[in-house]
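Trainee: have a look; sequence and predicted model below, questions after that.
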Amino acid sequence: MAGRIEDYALIGDMQTAALVCRDGTVDWLCLPRFDSHAIFAGLLGTEDHGFWRLGPAYAADAEPPTATRRTYRGDSLILESEWETPRGTVRVTDFMPPRDGAPQLTRIVEGVSGRVPMRSALRMRFSYGRITPWVHKVDGRTVAVAGPDSVWLDSDAETYGKDLTTYSDFTVAPGDRIAFTIQWQPSHKDQPPLPDPEGSLVATEQFWREWVDHCTYHGPYREAVVRSLITLKALTYAPTGGIVAAPTTSLPEEIGGVRNWDYRYTWLRDAAITLSSLLRTGYREEARAWREWLLRAVAGDPENLQIMYGIAGERELGEAELDWLPGYENSAPVRVGNGAAHQLQLDVYGEVTEALHLAHMTGLARNDYASLLQLKLIQYLEGHWDEPDEGIWEVRGPRRHFVHSKVMAWVAVDRTIKLIESGDADGPLEKWRELRDDIHRDVCEKGYDKERNTFTQSYGSKELDASLLLIPQMGFLPPDDKRVIGTIEAIQRELSTTDGFILRYPTDGDNAGVDGLPGDEGAFLACSFWMADDLAMIGRVDEARRLFEKLLALRNDLGLLAEEWDPRLQRQVGNFPQAFSHVPLIDTALRLTSSGAYGG
């Protein structure tokens with residue numbers, strides 16, 4: 001069985017990523033891209049679906065030992081795991097070098113003390129655990145081939161095959177360093193060059209050190225902010241600038257439930273807010289690359305803007321179920337692709353426009369087509385802002401007039417008006433000022449419950465929605481407006497868990513709720529960070545700081561967060577690590593630092 005979600009570490013090369021468990025097992029790796037088929041899919045099934053365990057040898061009837069301690073090497077994505085055993089101490093260093101050729105995963109075993117027997121067990125299963133490759137030797141190298149894919153294994157240690165698994169048994173003493181590297185290559189090509197594990201380790205550490213040096217945040221939460229920034233950088237697909245929401249699919253929002261989705265794509269919303277955080281901390285090159293990705297993805301068809309695309313801008317992301325995988329802790333189905341790609345989510349126009357606006361305000365070089373795209377998005381909204389949609393949470397039920405969607409439509413128009421007022425674009429200024437006022441009036445009249453003094457999830461509904469917390473953050477209303485304060489307090493009363501974290505909206509157990517799906521889910525971590533932001537904005541800074549630090553305590557030992565927190569099981573749930581959790585962590589840290597609310 002796979003480990004708990006928080007038991008995993010992330011390593012990656014800005015094109016794909018692997019998850020490494022505390023016992024030294026790689027249970028998830030897609031090659032050569034984030035959205036490719038997995039060669040290790042044990043995370044969503046069993047060892048029969050692929051894994052790579054490297055750690056101290058153990059008895060056949062025992063569980064593999066977990067690392068005594070693990071950490072990232074400084075501010076990098078290089079994982080170091082150490083085991084203290086009765087025979088001595090051993091360290092395993094796992095990393096994926098940023099690449100300009102074949103993708104590589106390198107694991108270096110180092111003896112620290114004593115003499116420690118070690119074992120590597122490598123079971124590659126292509127196509128998400130469905131296909132057993134042909135494993136053989138070529139010029140002394142081990143290669144696994146199936147269809148268009150091949151994976152090459154190189155090691156200083158001797159290997160042998162048994163039970164359709166490649167093993168290596170060896171012993172390390174102080175100073176010994178034994179390296180293992182796998183590389184993906186199209187199967188019709190010649191074998192890849194021999195790897196240089198030690199040289200790649202030096203280059204990888206240098207890459208991350210130089211990248212982190214650009215960070216402009218030096219406040220009291222720097223450790224958490226930098227780790228989140230590194231995670232966001234790791235979720236960026238370097239060749240195109242696209243950003244995945246998470247490197248995994250189908251990690252459940254409820255253990256044993258059906259709320260299992262594929263997040264290995266670029267949501268415009270997630271990518272836009274990610275870029276906002278990167279810009280606020282000094283990373284303009286990533287913003288430029290994402291803006292170029294956006295212009296290519298949308299191309300000449302902004303009227304048919306999708307809410308998500310493939311990492312290279314692909315439009316077709318058809319959803320399918322992998323029925324041979326039982327799912328993480330039997331949470332089925334396992335899905336690949338995402339049927340929400342063609343939903344109407346009007347809030348996306350606001351998030352994209354806000355990101356373009358922030359890029360413009362922070363001095364990113366002007367791009368005339370980006371300005372033209374912004375104008376075209378508003379032209380579309382003119383005729384569609386008052387339609388129902390599926391909203392930020394991608395409901396699978398009927399469309400509604402979601403208040404958050406209307407607010408973000410207002411944001412899109414407001415930021416475009418500011419662009420025109422700055423002289424960097426031309427447009428019907430008075431007409432769009434009237435449109436902005438019309439949207440604002442509509443929301444305040446139809447999306448506000450006067451009796452309860454709160455905005456609601458959608459027009460005419462009684463339900464609350466944590467996305468309403470963004471109303472003051474987007475400037476739709478000032479923080480001291482009684483309707484804003486009333487909404488914050490209503491969400492605290494009705495959407496808080498027993499430990500003070502925030503649910504997205506009400507769910508209804510076995511019955512289909514407002515999102516059209518059965519089952520419940522955990523507290524959505526982004527919403528809890530939004531609450532901390534709002535509390536700081538309305539002057540309740542001590543309460544905001546306490547909530548923020550409670551959220552920081554939910555991170556795993558490596559500083560990583562999944563999408564949600566299950567207050568009943570006291571564990572992380574949902575896809576992991578999740579950009580939509582790490583972005584608001586950064587934003588809240590910046591807000592609390594600027595307000596002096598950190599108690600330091």
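Mentor: Ah, there it is.
Trainee: buried ones in the helix or strand Y369 falls within, by neighbour count?
Mentor: Using DSSP states H and E, Y369 falls within helix 368-384. Neighbour counts over helix 368-384 (16 or more other C-beta atoms under 10 Å) mark A370, S371, L373, Q374, L375, K376, L377, I378, Q379, Y380, L381 as buried. The way it works is simple: take the backbone N, C-alpha and C, and place the C-beta from them, glycine included.
Trainee: do stretch 453-469 as well
Mentor: Neighbour-count burial for stretch 453-469 [16+ other C-beta under 10 Å]: 454-459, 461, 464-469.
Trainee: what is the end-to-end distance of it?
Mentor: 14 Å (C-alpha to C-alpha, to the nearest Å).
Trainee: equivalent analysis for stretch 92-105, please.
Mentor: For stretch 92-105, the end-to-end distance is 13 Å (C-alpha to C-alpha).
Trainee: again, but for stretch 472-479
Mentor: Counting by C-alpha to C-alpha, you get 5 Å between the two ends of stretch 472-479.
Trainee: which residues touch stretch 549-563?
Mentor: 5-10, 70-72, 79, 221, 223-224, 227-228, 231, 246, 251, 253, 499-501, 524-525, 528-529, 532, 565, 572-578, 580-582, 585, 588 (C-beta atoms under 8 Å, 6 or more residues apart in numbering).
Trainee: likewise for stretch 196-209?
Mentor: For stretch 196-209, the external contacting residues (C-beta under 8 Å, 6+ apart) are 73-78, 93, 95-98, 104, 106, 108, 177, 179, 181, 230.
Trainee: run the last query once more with 7 Å
Mentor: 73-78, 93, 95, 97-98, 104, 106, 108, 179, 181, 230 (C-beta atoms under 7 Å, 6 or more residues apart in numbering).
Trainee: list the buried residues in it.
Mentor: So stretch 196-209, judged by 16+ other C-beta under 10 Å, has buried residues P197, S200, L201, T204, E205, F207, W208.
Trainee: got the residues you listed as a markdown table, with pLDDT and distance to A38 columns?
Mentor: Shown next, in a markdown table, are the buried residues of stretch 196-209 (pLDDT from 0 to 100; distance: C-beta to C-beta, whole Å):
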| residue | pLDDT | distance to A38 |
| --- | --- | --- |
| P197 | 98 | 23 |
| S200 | 97 | 23 |
| L201 | 98 | 25 |
| T204 | 98 | 23 |
| E205 | 98 | 27 |
| F207 | 98 | 25 |
| W208 | 98 | 25 |
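Trainee: just to be sure, which of the residues you listed are found in helices?
Mentor: For the buried residues of stretch 196-209, the ones inside helices are P197, S200, L201, T204, E205, F207, W208, with DSSP state H as the criterion.
Trainee: V244 versus the first one, what's the distance?
Mentor: What it means is P197. P197 sits 27 Å away from V244 when distances are taken as C-beta to C-beta, to the nearest Å.
Trainee: the last one now?
Mentor: For W208, the distance to V244 equals 19 Å [C-beta to C-beta].
Trainee: and what of the fourth one?
Mentor: From T204 over to V244 the distance is 20 Å, taken as C-beta to C-beta.
Trainee: just the fifth one next, same as before
Mentor: With distances defined as C-beta to C-beta, the gap from E205 to V244 amounts to 24 Å.
Trainee: what's the answer for the second one, then?
Mentor: Distance, S200 to V244, by C-beta to C-beta: 23 Å.
Trainee: now which of the contacts of stretch 549-563 would you call buried?
Mentor: 5-10, 70, 72, 79, 221, 224, 227-228, 231, 246, 251, 253, 500-501, 524-525, 528-529, 532, 565, 572-578, 580-582, 585, 588.
Trainee: now, those that are in helices?
Mentor: Per DSSP H, the buried ones among the contacts of stretch 549-563 map to helices at 224, 227-228, 231, 525, 528-529, 532, 580-582, 585, 588.
Trainee: tabulate these (a markdown table), appending distance to P388 and pLDDT.
Mentor: Shown next, in a markdown table, are these (distance: C-beta to C-beta, whole Å; pLDDT from 0 to 100):
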| residue | distance to P388 | pLDDT |
| --- | --- | --- |
| A224 | 38 | 98 |
| R227 | 39 | 98 |
| S228 | 35 | 98 |
| T231 | 35 | 98 |
| L525 | 28 | 96 |
| S528 | 28 | 97 |
| F529 | 28 | 97 |
| A532 | 31 | 97 |
| F580 | 24 | 94 |
| S581 | 28 | 97 |
| H582 | 31 | 97 |
| L585 | 32 | 98 |
| T588 | 31 | 97 |
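Trainee: and K446, how many neighbours?
Mentor: Number of residues near K446 (other C-beta atoms under 10 Å) recorded here: 14.
Trainee: residue contacts, it?
Mentor: Here K446 is in contact with Y459 (criterion: C-beta under 7 Å, 6+ apart).
Trainee: so, low pLDDT: which residues of the stretch 451-600 of the chain?
Mentor: 508-519, 596-600 (pLDDT under 70).
Trainee: now do the chain
Mentor: In the chain (pLDDT under 70), the answer is 300, 508-519, 596-600.
Trainee: how about the helices in the stretch 351-500 of the chain?
Mentor: Assigned by DSSP state H, counting those that start in this stretch, the stretch 351-500 of the chain shows helices spanning 368-384, 403-421, 429-446, 470-473, 482-495.
Trainee: adding distance to Y58, write those helices out as a markdown table.
Mentor: Shown next, in a markdown table, are the helices of the stretch 351-500 of the chain (distance: least, C-beta to C-beta, whole Å):
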| stretch | distance to Y58 |
| --- | --- |
| helix 368-384 | 56 |
| helix 403-421 | 51 |
| helix 429-446 | 60 |
| helix 470-473 | 49 |
| helix 482-495 | 45 |
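Trainee: minimum distance to Q15: which of the ones you listed has it?
Mentor: Among the helices of the stretch 351-500 of the chain, helix 368-384 comes nearest to Q15, with 25.2 Å by C-beta to C-beta.
Trainee: show me what the closest one packs onto, helices and strands only.
Mentor: On a contact count with 3 or more C-beta pairs under 7 Å, 6 or more residues apart in numbering; DSSP states H and E, helix 368-384 meets helix 284-298, helix 347-361, helix 403-421.
Trainee: could I get those helices as JSON lines with distance to D480 and mean neighbour count?
Mentor: JSON lines is the format used below for the helices and strands packed on helix 368-384 (distance: least, C-beta to C-beta, whole Å; neighbours: other C-beta atoms under 10 Å):
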{"stretch": "helix 284-298", "distance to D480": "32", "mean neighbour count": "19"}
{"stretch": "helix 347-361", "distance to D480": "22", "mean neighbour count": "23"}
{"stretch": "helix 403-421", "distance to D480": "18", "mean neighbour count": "24"}
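Trainee: got these as JSON lines, with distance to Q492 columns?
Mentor: What follows is the helices and strands packed on helix 368-384, written out as JSON lines (distance: least, C-beta to C-beta, whole Å):
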{"stretch": "helix 284-298", "distance to Q492": "34"}
{"stretch": "helix 347-361", "distance to Q492": "23"}
{"stretch": "helix 403-421", "distance to Q492": "18"}
